[in-house]
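>>> give me a model of this one.
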Amino acid sequence: MESFADLFPLVLDHCKGKISDVAFNLWLKDIVPVRLVESTAYLKVNSEFKMNIVKEKYTAILQTAFEEVLGFEVGIDVSCDGPSAGQASSVEPLPADADSSVSGGEYDYTFDTFIVGSSNKFAHAASLAVAANPANAYNPLFIYGGSGLGKTHLLHAICTEIRKNKPDYNIIYVKGDEFANDIITAIRDQNTAAFRERYRKADVLLVDDIQFIGGKESTQEEFFHTFNTLYEAGKQIVLASDRPPKEIKTLEDRLRTRFEWGLLADIQAPDYETRIAIIRRKAQLLDIQIPDDVAEYIANRLKTNIRQLEGAVKKLKAYKLLQGTNPSIVIAQNAIRDILNDNQPVPVTVERIISEVGRTYG
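The predicted structure is shown next:
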């Protein structure tokens, strides 16, 4: 049905943040939504080979995305109408570094869609300066703040702006854990030369969640030399973390001091006015009208995470598409119930302690 087709892009949007760009473009991007019947989503792909991969690797991700958008569990049924596994696949190989590049045109990743408020205007201004004049404004630029406050948005916005103005630049965006995995793979395959060639030829290197290289000796050693090579060559480096360098406990001192060479810019939780603006902007992008009282209700209850605000608007859009219900306080209560439950204090357990130690010390 048409409403399911309109809804499915919201599901894919949730999937994007869970897997690499290569995996998303290769396996999920071209899925065709067929229908939603009795809590089962029927999807179609163009080959049996892709169908088997999606079923084996990505069913759980799709289920989680549907639940985030709809607020209830959805079964996944994937079928195909293309070549069988024994026939040649129409999927062409992607470049080895495709997962580290950022494609343009994503409205979520531009400066125009970044809502500026008192909590983030310094980081936003610094990012604009870097995008306008790479390696000559602030180098490195180190952005830090809690999860869901816009650090990744700013990194992608920098990528998009530089690519627009300097299309010949070699821009690499990578997450800290992906960088660590790349060096592990290179060492295993005895191919560290190719690894160094890839990263040290960048004109702009952006590393998100850089805190995840802490505690990993080989990764920190490689990043130290990569940082030095790029910095000495006058290339731009942008880093993002959930905490300032001095609070990354297992980060080597030589890296910590280098991260502090340039500009440190923090992002705080958005204030009330900024939260309202974010809700309004997301509603505009999703083409849904949200009454003032509903926007205020959401802004007064979701105070610390921009992703949660955007997720609430997406759920309101889903209710509109599937049930034909316009946003109201009651609908908003249902849309944010799960989010509010997630914000409740978590009991201190052995598992939680282990998780926190792992997060802090890599």
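
>>> show me where the chain dips below the pLDDT cut-off.
Low-confidence regions of the chain, defined here as pLDDT under 70, cover residues 1-3, 82-108, 338, 341-349, 351-352, 355-362.

>>> what's the single longest helix in it?
Taking residue count as the measure and DSSP state H as the definition, the longest helix of the chain comes out as helix 306-323.

>>> can you give me the strands for the chain?
Under the criterion DSSP state E, the chain contains strands at 32-37, 40-45, 75-80, 141-145, 171-175, 204-208, 236-241, 263-267.

>>> quick one: buried residues of the first one?
By neighbour count, and taking 16 or more other C-beta atoms under 10 Å as the criterion, the buried residues in strand 32-37 are Pro33, Val34, Leu36. For the C-beta atoms, the positions are set from N, CA and C on the backbone; glycine is no exception.

>>> okay, now the closest residue to the first one other than its chain neighbours: neighbour count?
By the measure of C-beta to C-beta, 6 or more residues apart in numbering, the closest residue to Pro33 outside its immediate chain neighbours is Phe8, 3.8 Å from it. Using other C-beta atoms under 10 Å as the criterion, Phe8 is surrounded by 21 other residues.

>>> hang on, Phe8 packs against Val34?
No: if you go by C-beta atoms under 8 Å, Phe8 and Val34 don't touch, sitting 9.7 Å apart.

>>> quick revisit: from the buried residues of strand 32-37, pick the one nearest Tyr109.
Within the set of those, Pro33 lies nearest Tyr109; the separation is 23.8 Å, counting by C-beta to C-beta.

>>> OK, contacts around the closest one?
Pro33 is in contact with Phe4, Ala5, Leu7, Phe8, Ala41, Tyr42, Leu43, counting by C-beta atoms under 8 Å, 6 or more residues apart in numbering.

>>> between these, which sits nearest Phe66?
Lowest distance from Phe66 to the contacts of Pro33 (C-beta to C-beta) belongs to Ala41, with 6.0 Å.

>>> which ones are touching that closest one?
Ala41 makes contact with Phe4, Pro33, Leu62, Phe66, Val74, Gly75, Ile76, Asp77 under the criterion C-beta under 8 Å, 6+ apart.

>>> ditto for Arg275
Residues Ile298, Ala299, Leu302, Lys303, Leu309 are the ones in contact with Arg275 under the rule C-beta under 8 Å, 6+ apart.

>>> and the gap between it and Phe114?
Per C-beta to C-beta, to the nearest Å, Arg275 is found 14 Å from Phe114.

>>> now do Thr59
Following C-beta to C-beta, the distance that separates Thr59 from Phe114 is 33 Å.

>>> these two: who's more crowded?
The neighbour comparison of Thr59 against Phe114 (other C-beta under 10 Å) goes to Phe114, with 21 against 14.

>>> hmm, His124 and that one touching each other?
Yes: shown here, Phe114 and His124 form a contact pair, counting by C-beta under 8 Å, at 6.2 Å.

>>> anything in contact with each of these two?
Residues touching both Phe114 and His124 (C-beta under 8 Å, 6+ apart) are Leu154.

>>> tell me the domain ranges of this protein?
Domain assignment for the chain by the TED database gives 4-80, 111-266, 272-342.

>>> so what does Leu149 have for phi and psi?
Reported as degrees, to the nearest 10, the phi and psi values for Leu149 are phi -110, psi 0.

>>> now for the residue nearest to it when sequence neighbours are not counted, how many residues are close by?
Closest residue to Leu149 in three dimensions, ignoring its sequence neighbours and counting by C-beta to C-beta, 6+ apart: Ile267, at 4.6 Å. For Ile267, the number of neighbouring residues by other C-beta under 10 Å comes to 23.
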